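>>> Sequence unavailable; structure follows:
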């Protein structure tokens with residue numbers, strides 16, 4: 001129900017959505033770059049904790065795992081929800097003249113992210129939302145762990161309430 005990702009497709013850029021505290025999104029994006037899906041990874045960076053932008057910690061995490069810093073480019077913004085992040089990213093892609101982007105997010109987040117990109121993108125930008133594996137949420141067994149249950153409940157709540165601007 002929540003997992004609605006697409007297979008990766010060659011694009012002009014790979015975009016990593018914010019909100020992954022475990023590092024799966026950034027590592028998956030780096031691997032997609034290595035596999036030739038795009039020449040650069042744009043890392044979404046809202047301010048997270050203690051005035052540190054999320055792109056800083058995400059990129060540093062990937063570099064510590066052996067990926068070159070040259071793979072990544074930070075994109076800082078003030079978004080506070082997936083919807084406002086989507087709008088900020090689309091505006092940035094337009095500024096850069098990018099017409100095709102591969103969006104990377106956690107598997108449980110793909111349905112909502114895909115819906116928001118489809119609602120907010122115009123004909124000038126083609127987006128494809130692909131799932132990074134998540135260490136906690138598995139669509140066939142999420143209910144077997146407390147962390148999986150919490151992930152499902154949070155995402156389900158956001159999926160239901162986001163059309164109302166909540």
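Thanks, I have it. Values in this document were obtained by computation on a predicted structure and should not be read as measured data.
>>> Would it be right to say that residue 127 lies in a strand?
Yes. Counting by DSSP: H, G, I helix; E, B strand; the rest coil, residue 127 is part of a strand.
>>> Run the chain-centre distance for the helix or strand of the chain with the lowest mean pLDDT.
Lowest by mean pLDDT, DSSP states H and E among the helices and strands of the chain is helix 146-161, with a mean of 86. The gap between where helix 146-161 is centred and where its chain is centred comes out at 17 Å by C-alpha atoms, centre = their mean, to the nearest Å.
>>> Next: stretch 152-166.
With C-alpha atoms, centre = their mean, you get 17 Å for stretch 152-166.
>>> Touching that stretch from outside, list them.
Stretch 152-166 is contacted by residues 2, 81, 82, 83, 108, 109, 111, 112, 116, 137, 142, 143 when judged by C-beta atoms under 8 Å, 6 or more residues apart in numbering. (Glycine included, C-beta is placed from N, CA and C.)
>>> Let me know whether my guess that the fifth one is in a helix holds.
Yes. Looking at residue 108 with three-state DSSP, it is inside a helix.
>>> Report the separation between residue 122 and residue 87.
Distance of residue 122 to residue 87, computed by C-beta to C-beta, to the nearest Å: 12 Å.
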